[in-house]
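Visitor: Sequence first, predicted coordinates after that:
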Amino acid sequence: MAGQTAGLISQKELSDLIEEAAEAAGYEEGFGVEGCDLTKASWWAAYVRQSLEEQAQNNRIPEYLLTCARMAKDQGMVVPREYILVDHESSEYLDRKHMTYLRKEVIAKRRIAGVIFTHQGRLSADPLHQLYFERECAYYGVKFLFGDAPGGTDWASTAGRQLMAQANWLRVKTNRESARAGNIGRVLKGMVPASRAAYGYRYCRDAEITTDGRIHIKKAWWEVNELDPDGTPVPGSPAWVVVQIFTWVGAEERTLYWVANRLNEMAVPAPEGGKWSPARVANVVHRHCYTGNHAYNANARVPNPDRPLGDITAEVKRTLLRPKPRDEWVTFEVPALVSGELWGKADALIAERGRGKGKQGKSIKALLRNRIFCPRCGKPMVVRRDGRQQRVYYHCSKYFRPWADNPCSYNKFVPGTWDDLVWDCVYALLKNDVWLEQQLASEQSQDENMAKLLKLHRYKISQAQSKIARVREGFEGGIYSLDEAKQRIAECEAAIAKAEQEAKRLQTEMNRSDAGAADIEAVKRQLKALRERNLEDASFEDKLDMITKLGIRVYPSEDLKTMRVTCGLNLQFENDGEDESAVECRKVMFGSPNRTKGKTFEKTFALVY
Ligand SMILES: [Zn+2]
């Protein structure tokens, strides 16, 4: 066990521990049994959880497994090896790897009779999640058994478990608070907090074991990682990389992109391993600790409001770092790697360059943002502004990301003037009455054709039905033998089935297009309204609105000599009332089509520069 998986228990190690536990409990025939017929639902599962922090302090997994084996033996339950599950995540949420497997695959599919927990706190430290899990078990008819709490479903047992869950919740909360308070205390005493040092440093401590067996930290500090005997950073070491980054960005005014490439060329691994990216370089530049002053308790992680959440038992991921009020900060000193002046210069430079790129500054006015696609990889192109001449262009989002998984080799730039070219096409079409009428008429005539076909199928059905009646008469009149009659009727029935199927298909299609057909008049009105606004002097926002409403997409050819423009009309209609309802996406031909794919119509334009 090395590298990233350090601390996680491997399946082989787990199997060994299970074997030892079964042996110690004297229950080898019932705990961790291999080769059980898992289609039977009489088995029990055993669930163990130990967070990595807990494990680092005191590994209790062997003891937990022994307790499970003893509980299984006491009750005479058989636990197959496959149903002994160990998780390493927190008790604050239920969406852990094996817990999810237990809930969704084993319990919800009723593949077991019950599940064993050594302690109620191993399941959850959240009273609501505890209840949620119990309800699921009750619903699917799966029993549960806790080593330290009543397992019944009566009121008193349920209430008892709730009380324990509340107590566990309090324990988690106080542990976290006391860890923070402890770190603040350490910082106030002139030490660094007990956490990983920033890239470029190493966490060091001087500790002694007290007479009662506790670890007493006498001193904790960060050391530069790493210095040669003269006191300068060793080339290629993390500290040296930090100094280089600030020199390149702050003094030589290199871009983050250049720095990331340079470091990757030099084969220097990024702080978390892997390749450097501009964002990773920026993370280093933003860290204030390199000037020698650091603060503890300065930031808090908060959930991103734009991120989708799972169900109520899932972890709420705190992915955004937000500063805490200044008076909560406690500051401490670490060896300085760069001067405050250089730090300020580098930080200001990347903030300045970031401006106008959509994040910190004003976003670039680009009509085709998210609407123009790379001819080689098909991904939407990104908008960039040329630093000196302030020209706007589009390029493949993956081309400048050599560190990404699937970089794209398309290196051409689409000039921002394509905005105008596309707008001219849209404008021309909106102005063209003949074109518009044609589009709407072709939709209508398609509907009429379908109605005719439907009529034909219905006629076929009635024909076949009357034929069956005649065959029956003929059989009764002695014209057909029984076999002949049977054969003829079977033929007619097959024809009816086929026609009915076809009619049904047409009907559904017509119903679907009916929803739109009724709105053809509305489409007309809407387009007219769009046109009547003075398109000649349309502002950028007007144009963007129209491009969005028309669902314009642009596909340049690789040589950038032609572009394919598609339009998927996606109009919002005003109702009588206040609420706007989006009508099913109506796709209308855009120019004379030279290729038709489904109901999306496309036009290719040759570009004349
Ligand atoms: Zn591409």
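Guide: That came through fine. Note that this is a predicted model, so its numbers are computed, not measured.

Visitor: check contacts around the closest residue to residue 333 other than its chain neighbours.
Guide: Spatial nearest neighbour of residue 333, chain neighbours left out: residue 292 (5.9 Å); criterion: CB to CB, 6 or more residues apart in numbering. Heads up, the C-betas are built off the backbone N, CA and C, glycines and all. Neighbouring residues of residue 292 by CB atoms under 8 Å, 6 or more residues apart in numbering: 333, 334, 335, 336, 337.

Visitor: for residue 259, helix, strand, or coil?
Guide: Using DSSP: H, G, I helix; E, B strand; the rest coil, the structure places residue 259 in helix.

Visitor: quick one: it from the ion, how far?
Guide: 24 Å (CB to the ion, to the nearest Å).

Visitor: ditto for residue 215
Guide: In terms of CB to the ion, residue 215 sits 55 Å off from the ion.

Visitor: swap in residue 343?
Guide: Separation of residue 343 from the ion (CB to the ion) stands at 36 Å.

Visitor: That residue in helix, strand or coil?
Guide: Secondary structure assignment for residue 343 (three-state DSSP): helix.

Visitor: near the ion, which residues of this protein show up?
Guide: Taking CB under 5 Å from the ion as the contact definition, the chain meets the ion at 374, 376, 377, 396, 408, 410.

Visitor: again, 8 Å this time
Guide: Proximity of the chain to the ion (CB under 8 Å from the ion) is limited to residues 374-379, 381, 396-399, 408-410.

Visitor: can you tell me which of the residues you listed are in strands?
Guide: 381, 396 (DSSP state E).

Visitor: Now rank the residues of the chain next to the ion by neighbours and give me the top one.
Guide: Highest neighbour count within the residues of the chain next to the ion, by other CB atoms under 10 Å: residue 381, with 27 neighbours.

Visitor: and the nearest residue to that residue once chain neighbours are set aside, helix, strand or coil?
Guide: Of all residues not flanking residue 381 in the chain, residue 394 sits nearest, at 4.1 Å (CB to CB, 6+ apart). Of the three states, residue 394 takes strand according to three-state DSSP.

Visitor: Could you tell me the per-residue confidence at residue 394?
Guide: For residue 394, the pLDDT comes out at 91.

Visitor: for it, what are its contacts?
Guide: 366, 368, 372, 381, 382, 383, 384, 413, 414, 416, 418.

Visitor: can you do 7 Å?
Guide: Neighbour list for residue 394: 368, 372, 381, 382, 383, 414 [criterion: CB atoms under 7 Å, 6 or more residues apart in numbering].

Visitor: And the residues you listed, which of them are buried?
Guide: Among the contacts of residue 394, those buried by neighbour count (16 or more other CB atoms under 10 Å) are 368, 372, 381, 382, 383, 414.

Visitor: could you redo those as JSON lines and give each row pLDDT?
Guide: What follows is the buried ones among the contacts of residue 394, written out as JSON lines (pLDDT from 0 to 100):
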{"residue": "368", "pLDDT": "90"}
{"residue": "372", "pLDDT": "92"}
{"residue": "381", "pLDDT": "90"}
{"residue": "382", "pLDDT": "87"}
{"residue": "383", "pLDDT": "88"}
{"residue": "414", "pLDDT": "90"}
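
Visitor: Nearest to residue 81, out of those residues: which one, please.
Guide: When these are ranked by distance to residue 81 (CB to CB), residue 382 comes first, at 50.5 Å.

Visitor: Next up, the contacts around that closest one.
Guide: Contacts of residue 382 (CB under 7 Å, 6+ apart): 394, 395, 397.

Visitor: From what I see, the second one and residue 413 are in contact.
Guide: I take that to be residue 395. Yes. With contact defined as CB atoms under 7 Å, residue 395 counts as touching residue 413 (5.0 Å).

Visitor: measure stretch 27-38 end to end?
Guide: The straight-line separation of the ends of stretch 27-38 (CA to CA, to the nearest Å) is 20 Å.

Visitor: hmm, who's touching that stretch?
Guide: By CB under 7 Å, 6+ apart, stretch 27-38 touches 18-19, 21-22, 25, 43, 69, 72-73, 77-82, 84, 111.

Visitor: again, 10 Å this time
Guide: 14-15, 17-23, 25, 42-44, 46, 65-66, 68-84, 106, 111-112, 116 (CB atoms under 10 Å, 6 or more residues apart in numbering).

Visitor: and these, which of them are in helices?
Guide: Applying DSSP state H to the contacts of stretch 27-38, the entries found in helices are 14-15, 17-23, 25, 65-66, 68-75.
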